[in-house]
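Novice: Sequence first, predicted model second:
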Amino acid sequence: MAVDADVLLDWFSTHGRDLPWREPECSAWGVLVSEIMLQQTPVARVQPIWHEWMARWPVPSALAASSQGEVVRAWGKLGYPRRALRLHEAAGVIARDHGDVVPSDVDTLLALPGIGAYTARAVAAFAYGLRAPVVDTNVRRVVARAVHGAGDAGPASNTRDMNDVEALLPAEDAPAARFSAAIMELGALICTARSPRCADCPIYDECAWQLAGKPEYAGPAKPVQKFAGTDRQVRGLLLDVLRGSEGPVEKARLDLVWHDGGQRDRCLDSLLVDGLLEQTSGGLFALPGEH
DNA sequence: CATACGTGGCC
DNA sequence: TGGCCAAGTAT
């Protein structure tokens, strides 16, 4: 067996981080909020915002009662602000249709906006202690190395990846849920993308990659995400003006953030389409609901 | 299946 | 300096 569950669980007990959303008293809502915030955003940047949200919006109905604009503003610079809008919408559904209780059933979770294959199972496992294959980028990398002996994970394949993890999971709910947290943590702390710390790895002796002599990753190169000069950058600049402003602003104010007028207007339009901005009757621009 | 979608830190 | 990377989802 390429990943000994008992060994991994022991390692997690002594080396796992004490993250606030892992505290036993953390609510399922707290777990859900953390999972959404952690999508593509590092733990260090999520922590302070997560604490603010838990204090301000301790239950889904509290978040749902706030305006979209307040939520986008409180999202700050975590990035991908559509996540904030989707979480706000999900909170409304949970409050209205699920008695203000975050669902534990994977299919019910999948039906909520912003919750996909990873997050649905992460909530089932981490908030409710259920057995579900939780596959994120960390887990995919650990499996690629420890199980398949490859230098890194190739392109994601949801079905195949979940089957791989399913095969490693302990049979019972509680150990399986803890295993899921542990294997993610191993990928985050030890089996990292760059410079893996194999000397500190609890499953080094059974790791297929190590046993194969740590061959270089041979798969297709991952597409590099450009940022400078892209619409993503311009959208970010535009939205940041509104986050830093008390109320609606004139278009002239937004025109200052980017030189290319065509791109600027295209991005402004896409933000309106996404519902991240709204135009007032007076032609000003505002965060949704803040006018 | 590929691509769009923020932001910032690290080597 | 600039590419790479960070608990993905929706289309």
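Specialist: Yep, that arrived.

Novice: Okay, and the residue positioned nearest the centre of chain A sits in which element?
Specialist: A centroid search over chain A (Cα atoms, centre = their mean) returns residue A:39, at 1.5 Å, as the residue closest to the centre. Residue A:39 is part of no helix or strand, with elements assigned from DSSP states H and E.

Novice: show me the contacts for the residue nearest to it when sequence neighbours are not counted.
Specialist: Distances taken as Cβ to Cβ, 6 or more residues apart in numbering place residue A:83 nearest to residue A:39, at 6.3 Å, with adjacent residues excluded. The way it works is simple: take the backbone N, C-alpha and C, and place the C-beta from them, glycine included. By Cβ atoms under 8 Å, 6 or more residues apart in numbering, the residues touching residue A:83 are A:36-37, A:39, A:75, A:114.

Novice: can you check residue A:284 too?
Specialist: A:248-251, A:291 are the contacts of residue A:284 under Cβ under 8 Å, 6+ apart.

Novice: Pick out the lowest-pLDDT one from the residues you listed.
Specialist: Of all those, residue A:291 has the smallest pLDDT value, namely 88.

Novice: Next one: the residue lying closest to that one once chain neighbours are set aside, what pLDDT does it get?
Specialist: Closest residue in space to residue A:291, ignoring its immediate chain neighbours: residue A:280 at 4.6 Å, by Cβ to Cβ, 6+ apart. The model reports residue A:280 with a pLDDT of 96.

Novice: Secondary structure class of the residue of the stretch 1-150 of chain A found nearest DNA strand B, three-state.
Specialist: Of all residues in the stretch 1-150 of chain A, residue A:79 sits closest to DNA strand B, at 2.0 Å by Cβ to the nearest atom of the strand. Following DSSP: H, G, I helix; E, B strand; the rest coil, we place residue A:79 in the coil state.

Novice: if I read this right, it contacts residue A:39, doesn't it?
Specialist: No - using Cβ atoms under 8 Å, residue A:79 makes no contact with residue A:39, being 9.3 Å away.

Novice: What is the burial count for residue A:49?
Specialist: By other Cβ atoms under 10 Å, 17 other residues sit near residue A:49.
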